[in-house]
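A.B. asks: Build the 3D model from these lines:
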Amino acid sequence: MDFSFFAVIALYLLLDESGFGLAVLTACAMHETAHFIAMAIFGVPVEQLTLYGAGIRITSAGIEYEKPQRRAVILSAGCFANFTAAFVFWRLGNFGASAVNLFTGIFNLLPIGELDGAGLLKMLLIRLCKPENVDRAARIIGAVSAALCMGAVLWLGRGVSFTLLTTALYFIIVSSRRL
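C.D. replies: Next up is the predicted model:
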């Protein structure tokens, strides 16, 4: 566990006046649990679980040796869980929890940094590109996606959210390393 994880959680919960933070943490925990379940089903060992300021990272060298279909299932399991929860909460009339889960699922599908979408994109690029171009293409697509997301947030938002802005900047920097 990294200190930054607890610092971010504490700051987030201190600044959260709506109780929205607990719904976000629950959606994130559900997302990561779905990855664990998918890995367990396929017998992929979890080597390390890291809680850090930018989220939760599950490390497993074994996933690299899995068939592409299994890897895709493992990478998309968290988003699937969030979309399922969004549907269930919507049907139950809990529109706030539904929106949180929908956003969490969509956010994790972005092809940025270490998000699930970046892993899925890389799998697709391996099939479409020359091996020497895969990482560069993934970083370019990630950086452009992060910049577009930040632009959309600024354009559609009712003001500048410090949290959203710093998150977007973080993902632009992470995605554009070694372009």
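A.B. asks: In this structure, what residue spans correspond to helices?
C.D. replies: 3-15, 20-41, 68-92, 95-108, 116-128, 131-156, 162-176 (DSSP state H).
A.B. asks: Could you pull up the residues touching the residue positioned nearest the centre of the chain?
C.D. replies: By C-alpha atoms, centre = their mean, the chain has its centre lying nearest to Asn108, at 3.0 Å. Counting by C-beta atoms under 8 Å, 6 or more residues apart in numbering, Asn108 makes contact with 31, 78-79, 82, 115-117. From N, CA and C alone the C-beta is placed, and that goes for glycine too.
A.B. asks: how about a cut-off of 6 Å?
C.D. replies: If you count contacts by C-beta atoms under 6 Å, 6 or more residues apart in numbering, Asn108 has them with 78-79, 115-116.
A.B. asks: Lowest-confidence one in those?
C.D. replies: Ranked by pLDDT, those bottom out at Leu115, which has 86.
A.B. asks: Return the residues in contact with it.
C.D. replies: The neighbourhood of Leu115, defined by C-beta under 6 Å, 6+ apart, consists of Asn108.
A.B. asks: cutoff 8 Å now
C.D. replies: 107-109.
A.B. asks: same deal with Phe89?
C.D. replies: 95, 97-98, 101.
A.B. asks: got a markdown table for these, with distance to Thr26 too?
C.D. replies: Putting the contacts of Phe89 into a markdown table (distance: C-beta to C-beta, whole Å) gives the following:
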| residue | distance to Thr26 |
| --- | --- |
| Phe95 | 15 |
| Ala97 | 8 |
| Ser98 | 12 |
| Asn101 | 9 |
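A.B. asks: Need the phi and psi values for the residue sitting furthest away from the middle of the chain.
C.D. replies: Using C-alpha atoms, centre = their mean, the residue of the chain lying farthest from its centre is Lys130. It sits 26.3 Å away. Note on Lys130: backbone dihedrals following degrees, to the nearest 10 are phi -70, psi 140.
A.B. asks: what does the model give it for pLDDT?
C.D. replies: Lys130 is assigned 91 on the pLDDT scale.
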